[in-house]
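*Asks:* no FASTA, just this:
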């Protein structure tokens with residue numbers, strides 16, 4: 001019995017004349033994601049990617065697990081493929097044992113894309129439902145809230161039988177919307193922000209700021225580990241590591257303490273601007289959540305935004321910590337994010353930060369230090385690494 005995976009389109013199905021561009025990117029992403037498992041053929045028909053293993057020993061469970069993480073796919077079905085012969089389908093209902101043996105109710109859905117097939121969809125549903133009840137006599141039909149939905153699709157090249165529709169990630173394929181630079185801290189919020197913008201089709205690379213000796217190597221390694229974990233959804237990630245110590249010391253020695261955090265964020269934004277310009281990024285992403293901390297009040301965000309030369313995306317801006325944490329757990333970054341290694345945002349934290357700073361006061365405070373030259377120097381000293389999907393290193397004990 002041959003098994004394949006059907007990956008159903010999500011938002012791509014709504015695209016117009018440029019739909020094929022999105023489809024091509026999605027197909028490339030699927031191929032890259034499955035490459036380490038073996039050889040697959042991919043065909044596109046009727047808003048579905050048919051993913052067929054070309055080697056007998058390929059682990060379909062692992063393939064399904066990988067496809068579930070690919071943006072642009074709304075649902076996944078693991079199917080047995082038969083000739084377009086109804087008897088061939090009913091003779092192999094044992095394929096559904098795993099899904100139906102422990103269930104109490106079911107319903108049947110049929111789709112007849114091949115209109116030459118002799119049975120119409122209602123007739124297929126009736127006959128297949130009877131066959132399922134004959135084999136699984138403990139089941140009851142429930143067309144409103146079934147535990148399991150058995151699906152049979154009659155398509156041009158075969159009959160596809162499945163009993164489980166697995167939700168996909170939805171969104172758009174990574175790479176279909178350009179690329180952006182994520183300001184990645186070691187906390188919970190920023191990896192979630194990167195995940196959410198990758199879901200909108202962005203290639204997400206990361207920028208991180210280190211302040212030795214105030215921050216440790218373990219703090220940097222923690223953030224690199226987050227990059228690796230994010231590749232599960234975002235694909236390959238370039239990691240820009242910016243030396244930030246001199247800027248923070250200059251800030252400490254020349255600016256009012258109450259403005260430390262806002263000015264620091266503005267310097268980070270100015271460095272990100274220059275890297276975006278040099279590397280052709282179209283936007284900056286942050287994990288800021290409105291009013292979560294003093295630097296994320298409306299007034300503080302206005303001051304930070306004034307330093308940005310690119311669009312700033314804040315996908316978690318309206319979420320509370322519980323909502324952000326839930327996504328962090330889902331994508332596998334939470335346990336790393338809560339490791340007790342502090343990043344540069346905790347260096348020289350003001351005792352009483354100004355929650356409603358005025359931009360004019362911030363700009364006046366910055367005049368006490370030659371930050372522009374230091375920003376240029378930090379960009380020149382920035383190092384770059386690349387983290388690839390499927391390549392893992394154990395960074396921390």
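*Replies:* Looks like it arrived, so ask away. From a predicted model like this one, the values you see are computed outputs, not experimental measurements.

*Asks:* Tell me where the longest helix sits in the protein.
*Replies:* helix 260-279 (DSSP state H).

*Asks:* Mind listing what's buried along it?
*Replies:* For helix 260-279, the neighbour count (16 or more other C-beta atoms under 10 Å) marks 260-276 as buried. Where C-beta positions appear, they are placed from N, C-alpha and C, glycine not excepted.

*Asks:* next one: stretch 158-176
*Replies:* By 16+ other C-beta under 10 Å, the buried positions in stretch 158-176 come out as 158-166, 168-169, 171-176.

*Asks:* Would you mind listing the outside residues contacting stretch 216-224?
*Replies:* Residues outside stretch 216-224 that contact it (C-beta atoms under 8 Å, 6 or more residues apart in numbering): 184-186, 206, 208, 210, 239, 241, 336, 339, 341-343, 385, 387, 395-396.

*Asks:* In strands only, show me these.
*Replies:* 206, 208, 210, 239, 241, 385, 387 (DSSP state E).

*Asks:* Run through the bridge partners of the last one.
*Replies:* Beta-bridge pairing for residue 387 (DSSP bridges): residue 237.

*Asks:* again, but for the fifth one
*Replies:* As for beta bridges, residue 241 partners with residue 208, residue 383 under DSSP bridges.

*Asks:* quick one: pLDDT of it?
*Replies:* In this model, residue 241 is scored at 96, pLDDT.

*Asks:* do the same with the first one
*Replies:* As summarised for this prediction, residue 206 has a pLDDT of 97.

*Asks:* What about the residue nearest to residue 57 when sequence neighbours are not counted, how many residues nearby?
*Replies:* Of all residues beyond its chain neighbours, the one nearest residue 57 is residue 38 (7.5 Å), with distances taken as C-beta to C-beta, 6 or more residues apart in numbering. The number of residues packed near residue 38 is 15, by other C-beta atoms under 10 Å.

*Asks:* shouldn't residue 38 be in contact with residue 51?
*Replies:* No: checked against C-beta atoms under 8 Å, the pair residue 38 and residue 51 is beyond contact range at 11.5 Å.

*Asks:* so what's residue 133 up against?
*Replies:* Counting by C-beta under 8 Å, 6+ apart, the residues that residue 133 touches are 139, 141.

*Asks:* give me phi/psi at it?
*Replies:* phi -70, psi -30 (degrees, to the nearest 10).

*Asks:* Can you tell me which of the buried residues of stretch 158-176 end up in helices?
*Replies:* Using DSSP H, none of the buried residues of stretch 158-176 sit in helices.

*Asks:* Residue 123 should be in a helix, yeah?
*Replies:* Yes: counting by DSSP: H, G, I helix; E, B strand; the rest coil, residue 123 is located in a helix.

*Asks:* Help me confirm that residue 290 comes into contact with residue 319.
*Replies:* No: Residue 290 is beyond contact range of residue 319, at 9.0 Å (criterion: C-beta under 8 Å).

*Asks:* Just want to check the distance between the nearest residue to residue 179 once chain neighbours are set aside and residue 169.
*Replies:* Spatial nearest neighbour of residue 179, chain neighbours left out: residue 203 (3.7 Å); criterion: C-beta to C-beta, 6+ apart. As judged by C-beta to C-beta, to the nearest Å, residue 203 and residue 169 stand 16 Å apart.

*Asks:* Likewise for residue 96?
*Replies:* 26 Å.

*Asks:* Go ahead and confirm residue 230 touches residue 337.
*Replies:* No: using C-beta under 8 Å, residue 230 is not in contact with residue 337, being 11.1 Å away.

*Asks:* More neighbours: which of the two?
*Replies:* residue 230 (26 against 23).

*Asks:* so which strand or helix has the more buried one?
*Replies:* Assigned by DSSP states H and E, residue 230 belongs to helix 217-234.

*Asks:* Flag every buried residue along that helix.
*Replies:* Buried, per 16+ other C-beta under 10 Å, within helix 217-234: 219-234.

*Asks:* And stretch 314-327, by the same measure?
*Replies:* 314-317, 319, 324-325, 327.

*Asks:* Ok, stretch 240-248 next?
*Replies:* 240-245, 247-248.

*Asks:* Output the residues you listed in TSV; the columns should cover distance to residue 144.
*Replies:* What follows is the buried residues of stretch 240-248, written out as TSV (distance: C-beta to C-beta, whole Å):
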residue	distance to residue 144
240	53
241	55
242	56
243	61
244	58
245	63
247	62
248	61
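
*Asks:* give me every residue that touches residue 299.
*Replies:* Residues in contact with residue 299 (C-beta under 8 Å, 6+ apart) are 355-358.

*Asks:* ok, of these, which one's closest to residue 142?
*Replies:* Within the contacts of residue 299, the smallest distance to residue 142 is 54.8 Å, found for residue 355 (C-beta to C-beta).
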